[in-house]
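Novice: quick check, what structure comes out for this input:
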Amino acid sequence: MADGPKLEAPIRAVIDATNSGNGQAFMAAFQKDATLSDWGEVHTGRGEIGKWDRAENSGRGTKLKVTGVSRVMGEVLVLLQVTRDDVTEAGTWAFRLNGKNVESLDIG
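Specialist: Sure thing, here's the model as predicted:
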């Protein structure tokens, strides 16, 4: 499990799946019709989200470390240290949850 502040289970599942390279667990954290927006490029549904994960996230060996969390008007903003391709940078992933799954994730 990744270090950092306490997170809701679906968000923790996304981060842990990314860090372990588990694409199936990554997709399972999202509701069936979820959306993922990566700097404005929108992917809808688990299938498209899985393709994005393989091309841009777990498939590239991405590692995430949570550095902070804010909760604002139903959105959970997760501040991250993102390491990929031997480059580390800061990032913010904004999650909206629907019960036990991620409804949307906005990166950028």
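Novice: what is the rounded mean pLDDT of the lengthiest strand in the chain?
Specialist: Using DSSP state E to define each element, the chain has its longest strand at strand 87-98. On average, the pLDDT along strand 87-98 is 97.
Novice: give me the sheet partners of it and which way each runs.
Specialist: When pairing is defined by DSSP bridges, strand 87-98 lines up against strand 75-84 (antiparallel), strand 101-107 (antiparallel).
Novice: who's in contact with the shortest one?
Specialist: Here strand 101-107 makes contact (C-beta atoms under 8 Å, 6 or more residues apart in numbering) with 10-11, 14, 29-31, 34-39, 91-97. (Glycine included, C-beta is placed from N, CA and C.)
Novice: pull the CA atoms of the longest strand of the chain into CSV?
Specialist: This file holds the C-alpha atoms of strand 87-98, laid out as CSV (Å, rounded to 0.1, in the frame of the first residue of the first chain):
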residue,chain,number,x,y,z
VAL,A,87,11.3,11.7,-14.3
THR,A,88,9.6,12.8,-11.1
GLU,A,89,7.1,15.7,-11.1
ALA,A,90,4.2,17.0,-9.1
GLY,A,91,0.7,16.3,-10.1
THR,A,92,-2.9,16.7,-9.0
TRP,A,93,-5.6,14.1,-9.6
ALA,A,94,-9.1,15.2,-8.9
PHE,A,95,-11.5,12.3,-8.0
ARG,A,96,-15.3,12.2,-7.8
LEU,A,97,-16.7,9.1,-6.1
ASN,A,98,-20.0,7.3,-6.4
